[in-house]
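Asker: Give me the fold of what follows.
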Amino acid sequence: PLAMRYARFLVGRQTLWAGVLISLVSFFFALSYLYRLARDILPGEEAAAAVSFLAAYPFAFFYSAAYTESLFLLATVGACFHVGRDQLWKAGAWGLLAGLLRPNGCFLSVVLALMALTAARKHGRGAWLPRLLAAAMPGIGMLLYSAYIYGLTGNPWQWAAAHAAFGRVYRG
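Answerer: Take a look at the predicted model:
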């Protein structure tokens, strides 16, 4: 919603169309990141196939709607891409954005930590601390989001209570 507030001036003060524009641009850049990431891992034409499958997936419809899906996908793929390239500042920034976009974005920290520790083994002693700090950024983003929610409602976990209102309850 905050990005939509500022992007609406690009589309004639239409907040909904600003959200659609943000989603489409984010999805384009997410596909670009995904292709570059897949090209490093998959052989031959399979990187292009991965991008095509994501774009053609039936639920890909939501990547063109005014939701956070496209921006969250961009932040997640961007963080993974930059950790793989050992670009820790960029990985941390994308990870922080993922944690700010959704509370469950904090789980990206686990993936980034595994990727970072794998890379740290190659670089030797002392290389793990900056990598783990970059990997912790999605969790820090979730905590910052919770602090923001606390300022609005007085309950830092109000986002969890909102999920419960829709019948989404953690049952363990």
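Asker: now the helix or strand harbouring Tyr145: how far from the chain's centre is it?
Answerer: According to DSSP states H and E, Tyr145 maps onto helix 137-153. Helix 137-153 sits 15 Å away from the centroid of its parent chain (CA atoms, centre = their mean, to the nearest Å).
Asker: Identify all contacting residues around it.
Answerer: With contacts defined as CB atoms under 8 Å, 6 or more residues apart in numbering, helix 137-153 is touched by 79, 91-93, 95-101, 103, 105-109, 112, 155-159. All C-beta atoms are positioned from the backbone trio N, CA, C, and that covers glycine.
Asker: Now the buried members of those.
Answerer: 79, 91-93, 95-101, 103, 105-106, 108-109, 112, 159 (16 or more other CB atoms under 10 Å).
Asker: ranges for the helices of the chain?
Answerer: For the chain, the helices defined by DSSP state H cover 2-7, 15-41, 46-56, 69-84, 88-101, 108-123, 128-135, 137-153, 158-165.
Asker: And these: which comes nearest Phe62?
Answerer: helix 69-84 (4.8 Å; CB to CB).
Asker: Just to check, His82 is in contact with Leu97?
Answerer: No. Counting by CB atoms under 8 Å, His82 stays clear of Leu97, with 11.9 Å between them.
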